[in-house]
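sequence first, predicted model second:
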Amino acid sequence: MAFVFTQAACGSGADSNLVRSASQEGSGPTDAQQANTSGEVLTTELDPAQRATLESRVVFLGTSLTAGAGLANPTDRFTDHIQAMADSAALTFRMINAGASGDTSAGGLRRISWLLRAPIDVLVLELGANDGLRGLSPDSMKSNLQAIIDSTRIHYPEARLLLAGMQAPPNLGLDYASTFSSVYVELALENEGALIPFLLEDVAGVPDLNQADGIHPTPEGHWIVSQTVWHHLRPILDDLNTEQATGL
């Protein structure tokens, strides 16, 4: 299904947030001070004993689609549904919602250093929608996304990767759209990552599943997105859970 874009970016940077399901996690220096008072460890300088006390973290680095722009209740976000699914499956992973409205791949690259202050076990990379909306270079987008992946694996070599594929606006032409979508396929292959072919499968272009802007999913749309993501994320979490249980 084609993604029916309008010529508006996926939100504005003013709405950016960094939250985890049910409670806050630091999104900048001020929040970091608050997080530290509650015992949150925001550093990559951890010894094995410290790492063992931390929950495994799945970080969703993305746009307003991840942030849940326009939702009256933030617990309707697809990341919160995934947290509930993981809990129900007795998979002890914490879903970190690092969605920022209006973010491009370049914006995500600027933010990744902050996120790397705490361990990342799985990086779910949902960036590129705003690059496409603005007609930015797919080559530059690929370079930015690769730099995010490289930075993550420099700090956490064993981190798993799940790429959330997006589609470009049809008005930019078939050549641009083809090159744009191929970026995600190439990155997944080149980095041995998993790929969600299209994050908004069965949601994009369906009026009842999208808000009035035609871009951001309704709560029902987020539920469908959560099922799409979970289909690809669950095997990764199962594999990691097995490794942790066997000490591999």
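Nice, thanks for sending it over.

what stretches of the chain score poorly on pLDDT?
1-54, 247-248 (pLDDT under 70).

all helices of it, in order?
Counting by DSSP state H, residue ranges of the helices within the chain are 29-37, 48-52, 64-67, 78-88, 105-115, 129-133, 138-155, 174-190, 219-246.

the shortest one packs against which elements?
Right, the one you point to is helix 64-67. strand 93-99 (3 or more Cβ pairs under 8 Å, 6 or more residues apart in numbering; DSSP states H and E). Yep, even glycine has a C-beta here, placed from its N, CA and C like the rest.

mind giving me the packing neighbours of the strand it packs on?
Judged by 3+ Cβ pairs under 8 Å, 6+ apart, strand 93-99 is in contact with strand 19-20, strand 56-62, helix 64-67, helix 78-88, helix 105-115.

the same query, at a cut-off of 6 Å, please.
On a contact count with 3 or more Cβ pairs under 6 Å, 6 or more residues apart in numbering; DSSP states H and E, strand 93-99 meets strand 56-62, helix 78-88.

just the buried residues of the longest one, please?
Buried residues in helix 78-88, counted by 16 or more other Cβ atoms under 10 Å: Phe78, Thr79, Asp80, His81, Ile82, Gln83, Met85, Ala86.

list the contacts for the residue lying closest to Leu199 once chain neighbours are set aside?
Counting by Cβ to Cβ, 6 or more residues apart in numbering, the nearest residue to Leu199 once its immediate chain neighbours are dropped is Ala164, at 4.3 Å. Ala164 is in contact with Glu126, Ile196, Leu199, counting by Cβ atoms under 6 Å, 6 or more residues apart in numbering.
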